[in-house]
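# Here is my input; please provide its structure:
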Amino acid sequence: MREDYLKAQKKGRRAYQKAVVNGQYPFLPALDDILQGQPVSSEMPQGLMEIPLSMVTGTRTRGRQEAFSNDFMPLLDIESEFATKWIKLYDSQIEEGIRDPVKVYEYLWNFYVQEGNKRVSVLKYMDVPMIMADVIRIMPVGRDDDEIRIYDEFLDFFQVVPLYEIRFTQEGSYRKLAAALGQNLTDPWPEERILDLRSAFSTFRELYEAQGGDKLRITPADAFLTYIGIYHFDSLLNDPRKTIDKQIEKIWDEFLVEAADDNISFQEQPSPEKKDSLLSPLLNKLIPEYTEAHPLRIAFIYDRNPADSRWIYGHELGRNHLSESFGPLVRTIAYEDCNTEEEFNQAVAEAAVREADLVITPSAAQMDYTLRAAIQYPKIKFLNCSINQSHNAVRTYYGRMYEAKFIMGALAASMAHNHVIGYVADYPIFGSLANINAFAIGAAMIDPYARIHLTWSSYKDRDWKEDMREANVRVLSGPDLIKPTEASREYGLYYINDDHTIQNLAMPVWDWGKYYELIVRTILNDTWPEKTSVRKDQALNYWWGMSAGVIDVIFSKSLPYYSVKMMNALRRNMISGSIHPFEGELHSQTGIVRPAGTEGHLSNEEIVAMSWLNDNIIGSLPEASALTDAGKKTITTSGVIEQ
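The predicted model follows:
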């Protein structure tokens, strides 16, 4: 119909004018122009299939591109032959539907039309979601960047799930999606599972975009993965649309965080105490928020037993410190061995009944459970002990342990006469490589010939002690903490004597009692940053170190005088900020990380997420398949290696 062509033409002219004003190309992009100078491999026919019209973004050649605006709406005059053909196609679609497939070339998720530009235009005008197309894929070659790595992962996904509409922007997302649905990227998925995925994604996308999701800087697939990580996949198949709509609304801030560029705020120092106005002390005395009759209630939920876990034992000591520091003003309760989702949820539900104000989960592996609970109980504050986690509903806390490790590395090098030093790490998670590298850099600054032999305690079929014996290690950085049920001196930095006895040299300290005390004071003093003062699109990560008193190093009294003097000097400079392990020139096992002459030091983001090992380290990151079940679970949410 002529009226519809004129409406489409009006849309096209608006799109044209908007593009010109914004300095954008106003016509359809041509694939020939995009590929100019780009190395590509052979064309790969994919056959006939339905593709999303939203992903048809341009034309194959320059021939017809100026007949359309950049959103495929027509621009030519109503009396033109082009308009006559467009109107005829529109009438055909109204009467019987357009049946002839278009021919398109696919390049990096986008489709470019070789035959059928007007068919695409008509269907886009009519808001038809899918179109039948004969697809030919053009493969990019010779590039190694984030986009290509994600696209390579998409190709693995496409082999088992031939769906174009699910496009992620983060590496590893396709594997996470497969795992969430109990599948992988190597074996073809059952047809029923593919249909479920398409149906669930379609439902989510429609409701998500209706709330404004199409305006966020993430794809619907990115948001979809966030949703099923909180509410599970089956909710999109079984819950009423009204319920799904409300659930999307509840976690909207999580989408905002994911869409932001600087979506993590690292707080490097505890908040200063709030300065009261002349009136506020009086008000606080009249109506204090927390009293002995109404104390601050804190629930600690452990995934293991403190008696069996060095890590949990340290946090249990921290919990006990709160009672000693605050007396009846703060009451804590611990839930142990909550290592399944059902046990975790039961503990949170009980804590809610007990009117808990704060829930603390001290394991990175608990983040998924913690996030779901935080969404369910928005009035309770939630903290998870991890770093580099981008969630609005859960704050994270961790220590800059790399500061202590740097000092211990220097001490280790001064004691290792054969230049051989061992390092036992637990899990390859965010922050752990900073600890390893800082230790190695500290050692190299004292002894440039020092070599750090790295192994992992989370290997399922290897004994780290045997690894150290084979490397002839005498000075070793072992587990950081004492295991309560083991009478062993093999922790911290120690020396192995000829008779195999242990001489402890130094020990890194996680002062969780001090850490929790500082956090609790922010709540009692009303300096806990409320949601109104924290950006909705940022996650708050507490990232405190030696200057806050939550990280330290304890030295053995048997150390030589000059060793103690060196350690104290390094410690003072670390606390004052005049020395930093990751400043200036840095070298990894594979090359230069930062060239000579570079000012300053790595950013918090670069330190936390580093995935390289220093050039004097002998060892590598483990494969996920080589880890224990506990190791695999831990790296699911905060690992720096792929599963």
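# need the contact list for residue 256.
Residues in contact with residue 256 (Cβ atoms under 8 Å, 6 or more residues apart in numbering) are 216, 392, 536-537. Every residue, glycine included, has its C-beta placed from N, CA and C.
# neighbour-wise, which of those residues leads?
residue 392 (25 neighbours; other Cβ atoms under 10 Å).
# Tell me the spacing between that residue and residue 26.
38 Å (Cβ to Cβ, to the nearest Å).
# now do residue 338
In terms of Cβ to Cβ, residue 338 sits 58 Å off from residue 26.
# So which of those two has more stuff around it?
Each of residue 338 and residue 26 has its neighbours counted (other Cβ under 10 Å); residue 338 has more, 22 against 19.
# before we move on, what SS does the more buried one have?
Using DSSP: H, G, I helix; E, B strand; the rest coil, the structure places residue 338 in coil.
# Would you list the phi and psi of it?
When read as degrees, to the nearest 10, the backbone of residue 338 gives phi -90, psi 70.
# just residue 112 next, same as before
phi -130, psi 130.
# quick revisit: of the contacts of residue 256, closest to residue 566?
Distance ranking of those against residue 566, using Cβ to Cβ, places residue 392 first at 43.7 Å.
# Tell me the secondary structure at residue 483.
coil.
# Would you list the phi and psi of it?
Main-chain dihedrals, residue 483, degrees, to the nearest 10: phi -90, psi 120.
# what sits against the nearest residue to it once chain neighbours are set aside?
Counting by Cβ to Cβ, 6 or more residues apart in numbering, residue 483 lies nearest to residue 310, which is 4.8 Å off, once chain neighbours are set aside. Each residue near residue 310 by Cβ under 8 Å, 6+ apart is listed here: 479-484, 491.
# Just among these, which is most surrounded?
Neighbour tally across the contacts of residue 310 (other Cβ under 10 Å): the maximum, 22 neighbours, falls on residue 480.
# Tell me the pLDDT of residue 8.
Residue 8 carries a pLDDT value of 95.
# Equivalent analysis for residue 470, please.
91.
# Same check on residue 145?
Per-residue confidence (pLDDT) for residue 145: 82.
# and it, how many neighbours?
The number of residues packed near residue 145 is 8, by other Cβ under 10 Å.
# do residue 459 as well
16.
# Now do the phi/psi pair for it.
Dihedral angles (degrees, to the nearest 10) for residue 459: phi -60, psi 140.
# Look up the closest residue to it, ignoring the ones flanking it.
Excluding the flanking residues, the one nearest residue 459 by Cβ to Cβ, 6+ apart is residue 626, at 5.8 Å.
# Residue 461 is in contact with that neighbour, correct?
Yes. Between residue 626 and residue 461 there is a contact under Cβ atoms under 8 Å: 7.4 Å.
# In terms of packing, which of the two has more residues around it?
The neighbour comparison of residue 626 against residue 461 (other Cβ under 10 Å) goes to residue 626, with 14 against 6.
# quick one on the thing from earlier: for the contacts of residue 256, name the two members farthest from one another.
216 and 392, at 13.8 Å, using Cβ to Cβ across the contacts of residue 256.
# so for stretch 566-580, what's the average pLDDT?
On average, stretch 566-580 scores 96.
# Mind listing what's buried along that stretch?
Residues 566-567, 570-571, 574-575, 579-580 are the ones in stretch 566-580 that count as buried (16 or more other Cβ atoms under 10 Å).
# Can I get these in CSV including secondary structure?
Listed next are these as CSV, based on three-state DSSP:
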residue, secondary structure
566, helix
567, helix
570, helix
571, helix
574, helix
575, helix
579, coil
580, coil
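# Mind putting the residues you listed into JSON lines with distance to residue 504?
Listed next are the buried residues of stretch 566-580 as JSON lines, based on distance: Cβ to Cβ, whole Å:
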{"residue": "566", "distance to residue 504": "18"}
{"residue": "567", "distance to residue 504": "14"}
{"residue": "570", "distance to residue 504": "19"}
{"residue": "571", "distance to residue 504": "18"}
{"residue": "574", "distance to residue 504": "21"}
{"residue": "575", "distance to residue 504": "23"}
{"residue": "579", "distance to residue 504": "25"}
{"residue": "580", "distance to residue 504": "27"}
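# on that earlier part again, OK, contacts around the residue nearest to residue 459?
Each residue near residue 626 by Cβ under 8 Å, 6+ apart is listed here: 459-462.
# Closest to residue 95 out of those?
Using Cβ to Cβ, residue 460 comes nearest to residue 95 of the contacts of residue 626, at 64.9 Å.
# Nearest spatial neighbour of residue 315, chain-adjacent residues omitted?
residue 362 (4.2 Å).
# And that neighbour, how far from residue 336?
11 Å.
# The two: which is more packed in?
residue 362 (24 against 19).
# residue contacts, the more buried one?
300, 302, 311-312, 315, 385.
# Now do the phi/psi pair for it.
Torsion angles, degrees, to the nearest 10, at residue 362: phi -90, psi 10.
# still on that earlier bit, let's have the contacts of residue 256 in CSV, adding pLDDT, secondary structure and distance to residue 241.
Converted to CSV, these look like this (pLDDT from 0 to 100; DSSP: H, G, I helix; E, B strand; the rest coil; distance: Cβ to Cβ, whole Å):
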residue, pLDDT, secondary structure, distance to residue 241
216, 92, coil, 21
392, 89, coil, 25
536, 78, coil, 25
537, 82, coil, 27
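# Closest one to residue 88 out of the residues you listed, please.
residue 216 (38.5 Å).
# Correct me if wrong: the closest one contacts residue 254.
No. In this structure residue 216 lies outside contact range of residue 254 using Cβ under 8 Å: 11.2 Å.
# Poorly predicted segments of this protein, please.
Low-confidence segments of the chain (pLDDT under 70): 273-288, 485-487, 529-534, 641-643.
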